[in-house]
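Q: Can you look at this prediction? I've put the sequence above it.
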Amino acid sequence: MFLNKKKKIEEKLRFQKAYPGKADGVDFAGPSIMKEMIPGDWSQGMRMDDYTVEVGGTITPARYFRSFFIEITSGNTWAEMLQPLILNSYGHGDVDFAIHVHPTSSSQELDEIGRRIAGLLSDLGDEQDVRKIDAMRDEIVDLKERQKRIRLNIERSFHVSIQVVASAPVYRDLIQLCRSLVQLFSSKSLYLKAADGKQLEALQALLPTAPAVTISKEKFISLESSNVADLFPFVGGSLTHKTGVVLGKDTYNRPVWLDNWHPELANYHMCIMGRSGAGKTFTIMLIIHRSAIYGRQVGIIDWKGEYGDFLQVIGCPYIALHERSDHRINPYDVDITELADGTRYVDIEENSNAVQAVVFKMISIYDRSALTGEVKVFIGNAIREQYRELCITEESDSIYEDVKNEEGRFSTGKARKMMPDLFGLYERMSKSEINAVQRAAEMLKPFTREGNMPSYAIFDGQTNVELKRAPVFGFAINRLDPEIMRPIGLYITTRWMMERWAKKNPFTQKLLVVEECQNILNDIEVGGPWAESVYREGRSTNTGVVAVTQGLEVFTRSQAGMAAIKNSPVKIIGIQESIDIESVQGKLALTEGEADFLVFRARKGDMVVKVDNQSAIVKVDASPFEHMLFTSDPNDPKYIERKQYMKDLKGAG
């Protein structure tokens, strides 16, 4: 028994030698000394430069403590924002933190917010600095949103104080540790304000065995329920949606719903961004599949040919556009636009502008200088004349004609009229007496049946595609020439789908998925007209445009890209490069924690989901069968399983 006791003492001594100065329970329960030191005091032969607390222990003569209270200067919180306090290594030093939470009365908080808004509105009239005016207006908007959330009981209000305590057995080590902490968190818009003058009281507020100490009011900040959740380690906030599709699980391991048609959203548009291998295609396929089950229609523009297996398995149309395909679509196609109020019309002007943009694109491929002002005016007028000659106007009946019986005597019904085509425009241009127009006609010729390049002429002629009521369908453009025809095909198919599909059935909720959309957004000729029309028309036709691309910075290169960001209340962001994050963090309202997560900690399938002012870190969660359908990784065993499944499916067919 004596030997066992001696062995335990030796083990304790070895532990203390390995970790000199590590606080033991007795150091806090009954320290030999606890004294607040001020600059100029001496301790253990050292002169103090800062306020600190010296605690005499039973293991070492003294240990030094400094307390800080965090101020959040960024105006928002993020999941696991205090995680570095736990995960970082501090050598012989140590860091602890406490979160003091006091619930507040909703009426009291609403009164305080109201007074703050009134004060800001009063100050606005006297302020001359434009920058301060903008900041005040932004704060007013934020306060009103917060006021609404508290009033509707969406969020509860709390007064919260975040206390951080650093300690070390050597004073100089403590000062170095404190400086490192201040620098680390200042880069994350968190200001560590030292409790100088009240260091002893601050330390006592952290200790359950010390006399009760009231933390001063100025150390508290007002936060909502979801903000408080962000403060606790290893957890985070989530979305408030309780309808729509289940996207995955948040950091609480709770299901996360995403609803593009949530009543609080201004429109239905969405952006999905992630570098190659981040899982963005997997994510959008999951959204497509579950949206269709939910009763929504989905149309897809497939840039890389990744959706073929998926659509074939679920029995939906997959339309390939290339030289040897039987499928054709005509950019001149128009259809009846149906609004929710019952209005029906044919938007000739909108489609004329769309055809004009694609013709400009085709001509500029060979010589941009050929598009003089005179040529542009001629083309614009000629396109509109083509519609007029066929008596196609804004009247809804103008796109139909009577079908006669075999003798041509009696009408047997209505059929869609033949539409104008690119060949007709080429003929008009080639017959013009203007030399510049004739020259431009020669550059348009390869894209018509008059040219000798069949792969370029696939959009000249009448449409032979009927979508009917398919819940999901896709256009594959991956076999088009990637340099010239695929970007043109992306634009034409997107516009065609808006005209012949999105504008129909305004009471049906629809998603239009555009893969590799940067090929439109960054296009000088077509990017602007495309973004202006589809994002505006989407709202009125109950259609959400889903722009899918790799890098975040893609959206900042053009006005069309910025329009996509500003008009998309839902943003799903996967793994990113640090250089991309730096360029768009402010534009996407990414917090420091979210940016850090996307660059350093996110794995395949981890997404930051931002819905207006809400955000959540989500692990996309698919069933085993969905995983098999969606994966595009050839090294994934589920990918091999799907290929075998497709062989068996074709054999059975």
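A: Good, I have the coordinates.

Q: quick check: longest helix of the chain.
A: Assignment by DSSP state H gives helix 130-151 as the longest helix of the chain.

Q: what sits up against that helix?
A: Helix 130-151 has contacts (C-beta atoms under 8 Å, 6 or more residues apart in numbering) with 75, 106, 109-110, 113-114, 116-117, 120-121, 123-124, 127, 154-157, 224, 613. No exception for glycine: its C-beta is placed from N, CA and C like everyone else's.

Q: now do stretch 315-324
A: 302, 307-308, 311-312, 327-329, 454-455, 458, 465, 467, 470-477, 479-480, 489, 493.

Q: Please state the offset of it from the chain centre?
A: 30 Å (C-alpha atoms, centre = their mean, to the nearest Å).

Q: end-to-end on that stretch?
A: End-to-end distance of stretch 315-324 (C-alpha to C-alpha, to the nearest Å): 23 Å.

Q: what ranges do the helices span in the stretch 451-600 of the chain?
A: When assigned using DSSP state H, counting those that start in this stretch, the helices of the stretch 451-600 of the chain occupy the ranges 485-497, 518-521, 527-540, 559-566, 578-584, 592-596.

Q: Name the next helix or strand following the helix or strand encompassing residue 349 along the chain.
A: Secondary structure assignment for residue 349, by DSSP states H and E: helix 348-366. The helix or strand immediately downstream of helix 348-366 is helix 373-389, counting by DSSP H and E.

Q: So for that next one, mean pLDDT?
A: For helix 373-389, the mean per-residue pLDDT is 96.

Q: on that earlier part again, of the contacts of helix 130-151, just the buried ones, ChimeraX syntax please.
A: Restricted to buried positions by 16 or more other C-beta atoms under 10 Å, the ChimeraX selection for those reads:
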select :109,113,120,155,156,157,224
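
Q: From the contacts of helix 130-151, which land in helices?
A: 106, 109-110, 113-114, 116-117, 120-121, 123-124.

Q: which residues in the stretch 101-250 of the chain form strands?
A: 157-168, 190-194, 221-224, 245-249 (DSSP state E, counting those that start in this stretch).

Q: ranking these by burial, who's on top?
A: For the strands of the stretch 101-250 of the chain, the largest average neighbour count (mean count of other C-beta atoms under 10 Å) is found in strand 157-168, namely a mean of 22.

Q: picking that back up, the longest helix of the chain vs helix 106-124, what angle?
A: Put simply, helix 130-151 runs at 160 degrees to helix 106-124, going by axes from the mean of the first three to the mean of the last three C-alpha atoms, to 10 degrees.

Q: What residues of helix 130-151 count as buried?
A: Neighbour-count burial for helix 130-151 [16+ other C-beta under 10 Å]: 136, 143, 146-147, 149-150.

Q: Mind picking the one among these that's closest to residue 431?
A: The shortest approach to residue 431 among the buried residues of helix 130-151 belongs to residue 136, at 62.4 Å (C-beta to C-beta).

Q: Would you map the helices across the stretch 151-300 of the chain?
A: Under the criterion DSSP H, counting those that start in this stretch, the stretch 151-300 of the chain contains helices at 171-186, 199-206, 225-231, 280-293.

Q: all helices of the stretch 301-450 of the chain, in order?
A: 308-313, 348-366, 373-389, 422-430, 435-444.

Q: And the longest helix of the chain, how far out from the chain middle?
A: The answer for helix 130-151 is 23 Å, by C-alpha atoms, centre = their mean.

Q: still on that earlier bit, give me the buried entries from the contacts of stretch 315-324.
A: Buried, going by 16+ other C-beta under 10 Å: 302, 307, 311, 328-329, 458, 465, 470, 472-477, 479-480, 489, 493, out of these.

Q: Now that we have the strands of the stretch 101-250 of the chain, can you turn them into a markdown table and tack on mean pLDDT and distance to residue 342?
A: Below are the strands of the stretch 101-250 of the chain laid out as a markdown table (pLDDT from 0 to 100; distance: least, C-beta to C-beta, whole Å):
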| stretch | mean pLDDT | distance to residue 342 |
| --- | --- | --- |
| strand 157-168 | 91 | 45 |
| strand 190-194 | 90 | 54 |
| strand 221-224 | 85 | 42 |
| strand 245-249 | 93 | 30 |
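
Q: Can you say which of those strands is nearest to residue 636?
A: Among the strands of the stretch 101-250 of the chain, if distance is taken as C-beta to C-beta, the winner is strand 245-249, at 17.8 Å.

Q: Now do the same for residue 189: its pLDDT.
A: 80.

Q: List the single closest residue to it in space, sequence neighbours excluded.
A: residue 74 (3.4 Å; C-beta to C-beta, 6 or more residues apart in numbering).

Q: I'd say the one you found and residue 591 touch.
A: Yes: applying C-beta atoms under 8 Å, one finds residue 74 in contact with residue 591, separated by 6.7 Å.

Q: Report the mean per-residue pLDDT for the longest helix of the chain.
A: Averaging pLDDT along helix 130-151 yields 84.

Q: For stretch 531-539, output the C-alpha coordinates as PDB.
A: What follows is stretch 531-539 as a C-alpha-only set of coordinates in PDB (Å, rounded to 0.1, in the frame of the first residue of the first chain):
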ATOM      1  CA  ALA A 531     -29.500  38.700 -67.200                       C
ATOM      2  CA  GLU A 532     -31.800  41.600 -67.600                       C
ATOM      3  CA  SER A 533     -34.600  39.400 -69.200                       C
ATOM      4  CA  VAL A 534     -34.400  36.100 -67.300                       C
ATOM      5  CA  TYR A 535     -34.200  37.600 -63.800                       C
ATOM      6  CA  ARG A 536     -37.000  40.000 -64.500                       C
ATOM      7  CA  GLU A 537     -39.200  37.500 -66.300                       C
ATOM      8  CA  GLY A 538     -38.500  34.800 -63.700                       C
ATOM      9  CA  ARG A 539     -40.400  36.800 -61.000                       C
END
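
Q: any weak-confidence spans in the stretch 401-550 of the chain?
A: Low-confidence segments of the stretch 401-550 of the chain (pLDDT under 70): 405-412.

Q: Next one: the residue lying closest to residue 370 once chain neighbours are set aside from residue 365, what distance?
A: Counting by C-beta to C-beta, 6+ apart, residue 370 lies nearest to residue 440, which is 4.8 Å off, once chain neighbours are set aside. Look at residue 440 and residue 365: by C-beta to C-beta, to the nearest Å, they are 12 Å apart.

Q: Compare those two (neighbour count), which wins?
A: With neighbours defined as other C-beta atoms under 10 Å, residue 440 and residue 365 compare such that residue 440 has more, 30 against 17.

Q: For the more buried one, list the residues it contacts.
A: Counting by C-beta under 8 Å, 6+ apart, residue 440 touches 363, 370-371, 375, 379, 429.

Q: Can you pick out the most distant pair from those?
A: The span of the contacts of residue 440, defined through C-beta to C-beta, is set by 371 and 429 at 12.2 Å.

Q: Which one of these two is surrounded by more residues?
A: residue 429 (24 against 19).

Q: Could you verify my assumption that the more buried one touches residue 438?
A: Yes: proximity of residue 429 to residue 438 meets the contact threshold set by C-beta under 8 Å, at 6.9 Å.

Q: thinking again about what came up before, would CSV of the helices of the stretch 301-450 of the chain with distance to residue 401 be doable?
A: Below are these laid out as CSV (distance: least, C-beta to C-beta, whole Å):
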stretch, distance to residue 401
helix 308-313, 34
helix 348-366, 17
helix 373-389, 14
helix 422-430, 18
helix 435-444, 28
